[in-house]
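Student: Structure of the sequence below:
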Amino acid sequence: MELFAICCPECGASDLDPHTTYIVLAGEQRRIYHCPTCGAYFSETKNTPLAGLRTRLSRITTVLDALNDGMGVNAACRTCHGGQNSR
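Tutor: Coordinates of the predicted model:
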């Protein structure tokens, strides 16, 4: 069982073909999918809270771990060398 199945944001189909990959500014690789049902192309982060983020996922994980451990927002941002409004 897959926890987060990727579905087409246009038609909801789940039988998708990986089309290509691209590198985000942080150096991580993301995938572009093609939906053979409706012909749409979209990124794996489309319609997710991660869409448009330029911050490395590892850094986001570190900040979320700090917040989960009871650290306040200001302290977590100071510790991880980021601003509260960082993207």
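Student: Going by C-alpha atoms from here, please, whenever you check contacts or count neighbours.
Tutor: Will do.
Student: and the longest helix anywhere in the chain, which residues are buried?
Tutor: Longest helix of the chain, by residue count under DSSP state H: helix 57-68. Residues of helix 57-68 classed as buried by neighbour count (16 or more other C-alpha atoms under 10 Å): 63, 66-67.
Student: For this structure, which segments are assigned as strands?
Tutor: Assignment of strands within the chain using DSSP state E yields the ranges 17-23, 29-34, 41-43.
Student: Switch the ones you listed over to CSV; also include mean neighbour count and mean pLDDT.
Tutor: As requested, the strands of the chain are arranged in CSV below (neighbours: other C-alpha atoms under 10 Å; pLDDT from 0 to 100):
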stretch, mean neighbour count, mean pLDDT
strand 17-23, 12, 90
strand 29-34, 15, 90
strand 41-43, 18, 90
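Student: Please identify which of those is closest to Gly72.
Tutor: The minimum distance between Gly72 and those falls on strand 29-34, with 30.6 Å, by C-alpha to C-alpha.
Student: what angle separates that closest one from strand 17-23?
Tutor: Compare the direction of strand 29-34 with that of strand 17-23 by axes from the mean of the first three to the mean of the last three C-alpha atoms, to 10 degrees and you get 150 degrees.
Student: And stretch 48-62, end to end?
Tutor: According to C-alpha to C-alpha, to the nearest Å, stretch 48-62 extends 19 Å from its N-terminal end residue to its C-terminal end residue.
Student: Could you check how far the residue lying closest to Arg59 once chain neighbours are set aside is from Leu57?
Tutor: Sequence neighbours aside, Cys80 is the residue nearest to Arg59 in space, at 7.6 Å (criterion: C-alpha to C-alpha, 6 or more residues apart in numbering). Cys80 sits 13 Å away from Leu57, taking C-alpha to C-alpha as the criterion.
Student: cool, and Arg30?
Tutor: Arg30 sits at a distance of 11 Å from Leu57 (criterion: C-alpha to C-alpha).
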